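**Q** sequence isn't available, so here's the structure alone:
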C-alpha cells in the first residue's frame, strides 16, 4: 500500500508522479525551470522505453503538477489532490523549503515517496528513520558555502571577500559552511 489508496496510479504501462511547485508568484521562474527539467528528463526516459520497475515491467512516466505559488498551505492542498485524487505513485522534485517541510510530515505519515526534494535544507536528509519516505536532492546550503570557500582558499593567496547573504536559515547555513571552510586559509571575510 502506498499512501491512503490501495492502488496508486501505476498500471502495466504507466506510472503517475508529480510535483507541487511555484508556477506563479516571485519564484515562478524557478518553478518553471524545475518543471521544465523534470519534463525533459522523463520525456527522454520515456523515449527510450520508460523506467524498469522491480517487477520487471517497463513503464512510461506521466507527470501531473500543480502550482502552489511557494505557499505551504497551497502545497498541502496540492498534496491532497496528487495523493487522494490523482493517486500519484510518488511526489517528485517538490519545490522549496517551507512547502516541503509541511509535505514531509504528510508524505511520511501516509508512506508516500517524496523524492528529490528541491531544497538544500538539512532536514530533508536528516533523521532517516523518522523520515524514511523523504529523499533530498540538491546539495545542502552549508555544503554550497563550503564549496565556494574551498575554491577561494585553493588559490593560496591573500584575499579579502565580502558575503552578501539572505537573513534567514538558508543564508545562515551558507555562511556557516563558508566561514568554517575558510578557517586557517589566507582568505579574510
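**A** Arrived safely, thanks for sending. Because the structure is predicted, anything quoted here is derived from the model rather than measured. Numbering: from 1, shown residues only.

**Q** where does this protein have low pLDDT?
**A** Scanning the chain for pLDDT under 70 picks out the ranges 1-7.

**Q** show me where it has helices.
**A** Per DSSP state H, the chain carries helices over the ranges 28-47, 72-80, 97-110, 141-153, 169-182.

**Q** out of those, which gets nearest to residue 11?
**A** helix 28-47 (14.3 Å; Cβ to Cβ). To be clear about C-beta, it is placed using only N, CA and C from the backbone, and glycine gets the same treatment.

**Q** for residue 118, which of the helices of the chain is the nearest?
**A** helix 28-47 (5.8 Å).

**Q** spit out the contact partners of residue 100.
**A** 75, 94, 114, 117, 118, 119, 121, 124 (Cβ atoms under 8 Å, 6 or more residues apart in numbering).

**Q** which of the residues you listed sits closest to residue 150?
**A** Relative to residue 150, and with distances defined as Cβ to Cβ, the nearest of the contacts of residue 100 is residue 121, at 21.3 Å.

**Q** make JSON lines out of the helices of the chain and add distance to residue 65.
**A** Formatted as JSON lines, the helices of the chain follow (distance: least, Cβ to Cβ, whole Å):
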{"stretch": "helix 28-47", "distance to residue 65": "6"}
{"stretch": "helix 72-80", "distance to residue 65": "8"}
{"stretch": "helix 97-110", "distance to residue 65": "13"}
{"stretch": "helix 141-153", "distance to residue 65": "25"}
{"stretch": "helix 169-182", "distance to residue 65": "24"}
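
**Q** how about the contacts made by residue 117?
**A** Contact analysis of residue 117 by Cβ under 8 Å, 6+ apart lists 93, 94, 100, 104, 124, 134, 135, 136, 137.

**Q** which of the residues you listed fall in strands?
**A** Within the contacts of residue 117, residues falling in strands by DSSP state E are 134, 135, 136.

**Q** what is the nearest of those to residue 17?
**A** Checking the ones in strands among the contacts of residue 117 one by one against residue 17 (Cβ to Cβ), the nearest turns out to be residue 135, at 13.4 Å.

**Q** what's near enough to touch the closest one?
**A** 113, 114, 115, 116, 117, 124, 125 are the contacts of residue 135 under Cβ under 8 Å, 6+ apart.

**Q** from the residues you listed, which single one is nearest residue 79?
**A** residue 114 (9.2 Å).

**Q** what's the burial count for the spatially closest residue to the closest one that is not a sequence neighbour?
**A** Take residue 114 and drop its neighbours on the chain: the residue closest to it by Cβ to Cβ, 6 or more residues apart in numbering is residue 107, 3.9 Å away. Applying other Cβ atoms under 10 Å, we find 24 other residues in the vicinity of residue 107.
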